[in-house]
Structure formats: structure tokens, C-alpha cells
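> Structure, please.
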Amino acid sequence: MSRLEAEHLFKVFGRRPDAAVERLRTGGDREELRADGTTAAVIDASFTVEPGQIFVVMGLSGSGKSTLLRMLNGLLEPTAGRVRFDGQDLTGLSARDLRGVRSQKISMVFQHFALFPHRSVLENAAYGLEVQGVARAERERRATEALELTGLAGWEESWPDELSGGMQQRVGLARALATDADLLLMDESFSALDPLIRRDMQDQLLELQKRLKKTIVFITHDLNEAMRLGDQIAVMRDGRIVQTGSAEDILVTPANDYVAAFTQDVDRSRVLTAASVMTTDLVGDEGTCTCETATVDTPFGELCAISARVSHAVSVLDKERHIVGVVPQQRLVGFLGDQNGAPGPCDAPRDQGKKVIAGA
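Numbers count the residues shown, from 1 in each chain. Alright, predicted model coming up:
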């Protein structure tokens, strides 16, 4: 399985792009360049995507995330920096070799389906294999298998306009899977879908990932989607990556005020666990706790429910039933905040104990 590495990527549009990169490297401002008719779309972006990982790049419109994605497969040439995949420097390849990499190793799933209206579902799913020169019988077999994986068995002979939006996006995903590419690039792939269909597609992607373990770079402007899908998340602002980390890292320890503001409306109960919010300051003797407890993997919502039932801090246990942390109720309230202004299980006042109840 192959690792993807981006090293100090810049993409500048306009006059004298190389000079603009040097100005940015020495502390130049993006807005100053814009006044000179130059747009710095991506500025010094570096990250690593491990094999089998879903790496989500998220940011508002104009943050540079889609430009960054297009540099990863060579659709846009970086002004500076390197992209390495499977140990190969993609930025040093000829146009012909780069086309070969895109047809064999990297597949892309677009936002607006990008299906051919005059081709059947099966023919659309097999298109990438056709480009590779795979024989018809083999490409139809592999396309059929990919359609079955994405829940479209029986729709092979249908036309794209006979499908719902969600089904059309599944065809686009099947087309990417049929090529058996090592890397999938997904550019706002679910953003054109209705909310319920969008969540179904997220479920579909997570289920497929459990089986196929592809390396995926997923672009989105939806923070809840990023938190749900991403093993690692890169937050972009004005062309720069301002923080990279897990969903819990970004929620619990935002790198700056921008990230903190960006994440304030996220439903934390879907992301955080007891391990994310516990403190070790109040831990007493190790042992098996006799009171109602949580484990390090207990979801935040369940932890709130436990806290509402007891009159003391909730003890958090590891697999050996040793206390590794505690969660006072006020700490839960602090993490939950008043996102929606509605009371929840963590909002009821309750006295907090300052020692962990432990014993045999």
C-alpha cells in the first residue's frame, strides 16, 4: 500500500509566479500579491497521507482546497514543491508518464458526477478501464463487481438520467473503484446531494473503506462531514494549512482562534470520547471501580448520560479495569458548551466529588 506525501506545495496564478513564491517564503502577504494581480491559491502546504487512511482537506470557499487536490494528481502543476506517491516524484514526470499514473494508480470522484449521458451505467463504470485499454469482457466484469460494491447491482443497463442523484454519485464511485487505483481523490463528492442522501453516501464510503482500505483524500467545506469521515483532517484558510490532526485533536486543541471559531458549532457528542475529555488530576488509587464507570472509548453522549445518573465525577477505566482518568460533570459542560442553546444531559447542575471511588 502506498503513501502520499506533499512537500511545501505552492500554486500561484498570475505574473512572475516564482518571484511570488519567494516573497511568500520570506513572509510576504497574500493580499499584497493580489494587489499586484497575482493569486496565491496554495501556500507552503505539507502533509502525509498514510496507506489506507481517509485524509480530509476542509475549508471555506476560496481556501485553496480544490487547487491543492488537483496538484496531487498533476491536473495542475505546482509552482513549487513536490508530490510523492508510492515513492515516485509525480512532479518530475513527463506528461505521458503522468497520464499513465492517473490511469493506473489514481482515480478521481467529482462533485457533479461527470457521467456520460449516452453511456449506460455499466459503460460509465467501465470507462476508466476502457481508457487503460482493458479488454471489453474484463472491464465489464470489473465494472459489474464495482457496481455491486456500491449497491447498484441490477442497474447496469440503465441510463444516468434514470438514476437519482445519490445513485449517479455511486456510479462515479464505482468507476473509480473499478480501476483498482491505490489512491482516490474525492472533490466535494457529496456536496451536491440532499442531506439524507449525503449521509447515506458517507455511510457507503465508510463501509467500503472497511473492506477495501483505499488511500483517500476527501475535499469538503462541511466540518461535520470532515469529522465523520476523516482519520486525519487538514484545515485550510487563505491557501495555507493552519492545522492537521484527528477530529478530536481539532475539537479539543484548536491551533488558533480561527479553528476554534470554525469548530464551535460541531456536534461534539458525535466525535469526542471519554479519553478526549477526561482529566488525570483527580485520579486516586488504581483498581476496579465500584461505581458506575466509563471506558476510554465511551462516546461523549453516553458519558453525559452516565454523569447525569451519579453525584460524583465519572471514573474512566482502561481494558485492565484500572482508572486512567476522571470526568467531572462541569468538564463535560465545558466541552459541550451551549452550541444550540438547548439543555442536554450534561446541563443539569450536580455536586462534583474530588476523589475517585476505587476499590475491589
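> how far away is H312 from L272?
Distance, H312 to L272, using CB to CB, to the nearest Å: 21 Å. For every residue, glycine as well, the C-beta is placed using N, CA and C.
> neighbour-wise, which of these two wins?
Using other CB atoms under 10 Å, the more surrounded residue of H312 and L272 is L272, with 24 against 19.
> Leaving out chain neighbours, which residue sits closest to the more buried one?
Of all residues not flanking L272 in the chain, F300 sits nearest, at 4.1 Å (CB to CB, 6 or more residues apart in numbering).
> Distance from the top helix by length along the chain to the middle of the chain?
In the chain, taking DSSP state H as the definition, the longest helix is helix 195-212. How far helix 195-212 lies from its chain's middle: 12 Å, per CA atoms, centre = their mean, to the nearest Å.
> Over to stretch 145-165?
Distance, stretch centre to chain centre, for stretch 145-165: 26 Å (CA atoms, centre = their mean).
> can you give me the end-to-end distance of that stretch?
End-to-end span of stretch 145-165 (CA to CA, to the nearest Å): 21 Å.
> Okay, buried residues for it please.
Using 16 or more other CB atoms under 10 Å as the burial criterion, the residues of stretch 145-165 that qualify are 146-147, 149-152, 155-156, 159-160, 163, 165.
> Quick check: the farthest pair among these?
L149 and W159 (20.8 Å; CB to CB).
> Just say helix, strand or coil for M167.
Classification of M167 using DSSP: H, G, I helix; E, B strand; the rest coil returns helix.
> Can you get me the start-to-end distance on stretch 63-79?
End-to-end distance of stretch 63-79 (CA to CA): 17 Å.
> ditto for stretch 225-244
So stretch 225-244: terminal residues 16 Å apart, CA to CA.
> any weak-confidence spans in the stretch 201-350 of the chain?
Scanning the stretch 201-350 of the chain for pLDDT under 70 picks out the ranges 282-291, 334, 336-350.
> Could I get the full set of strands for it?
215-220, 232-237, 240-245, 293-295, 314-317, 323-327 (DSSP state E, counting those that start in this stretch).
> in its sheet, what does the fifth one sit against?
For strand 314-317, the pairing partners within the sheet under DSSP bridges are strand 293-295 (parallel), strand 323-327 (antiparallel).
> Take the ones you listed and lay them out in CSV including distance to R96 and mean neighbour count.
Formatted as CSV, these follow (distance: least, CB to CB, whole Å; neighbours: other CB atoms under 10 Å):
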stretch, distance to R96, mean neighbour count
strand 293-295, 54, 20
strand 323-327, 56, 23
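> out of those, which comes closest to V235?
strand 323-327 (26.7 Å).
> circling back to that earlier point, for burial, what's the neighbour tally of the residue nearest to L272?
Counted with other CB under 10 Å, residues neighbouring F300 total 22.
> Does it touch S276 like I think?
Yes. Taking CB atoms under 8 Å as the definition, F300 is a contact partner of S276 at 7.4 Å.
> which residues are common contacts for those two?
By CB atoms under 8 Å, 6 or more residues apart in numbering, F300 and S276 have these common neighbours: F335.
> Which residue ranges of the stretch 51-200 of the chain form strands?
In the stretch 51-200 of the chain, the segments counted as strands under DSSP E, counting those that start in this stretch are 54-58, 80-85, 88-89, 106-109, 183-187.
> Dump these into a markdown table; add mean pLDDT as well.
A markdown table is the format used below for the strands of the stretch 51-200 of the chain (pLDDT from 0 to 100):
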| stretch | mean pLDDT |
| --- | --- |
| strand 54-58 | 96 |
| strand 80-85 | 95 |
| strand 88-89 | 92 |
| strand 106-109 | 89 |
| strand 183-187 | 93 |
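> so can I have CSV of those strands showing mean neighbour count and distance to E138?
Output for the strands of the stretch 51-200 of the chain, formatted as CSV (neighbours: other CB atoms under 10 Å; distance: least, CB to CB, whole Å):
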stretch, mean neighbour count, distance to E138
strand 54-58, 24, 29
strand 80-85, 18, 25
strand 88-89, 13, 26
strand 106-109, 24, 17
strand 183-187, 23, 21
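> Dump these into a markdown table; add distance to R34 as well.
Listed next are the strands of the stretch 51-200 of the chain as a markdown table, based on distance: least, CB to CB, whole Å:
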| stretch | distance to R34 |
| --- | --- |
| strand 54-58 | 22 |
| strand 80-85 | 18 |
| strand 88-89 | 31 |
| strand 106-109 | 29 |
| strand 183-187 | 24 |
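> Quick one: closest of these to G325.
Taking CB to CB, strand 54-58 is the member of the strands of the stretch 51-200 of the chain nearest to G325, at 27.9 Å.
> could you say what helices and strands that closest one packs with?
Helices and strands touching strand 54-58, by 3 or more CB pairs under 8 Å, 6 or more residues apart in numbering; DSSP states H and E, are helix 65-72, strand 215-220, helix 223-229, strand 232-237.
> pull the CA atoms of the first one into CSV?
Coordinates of each C-alpha in helix 65-72 appear next as CSV, following Å, rounded to 0.1, in the frame of the first residue of the first chain:
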residue,chain,number,x,y,z
LYS,A,65,-8.5,23.0,-1.1
SER,A,66,-9.6,22.1,-4.6
THR,A,67,-6.5,23.6,-6.1
LEU,A,68,-4.4,21.5,-3.7
LEU,A,69,-6.3,18.4,-4.7
ARG,A,70,-5.6,19.0,-8.4
MET,A,71,-1.9,19.2,-7.8
LEU,A,72,-1.9,15.8,-6.2
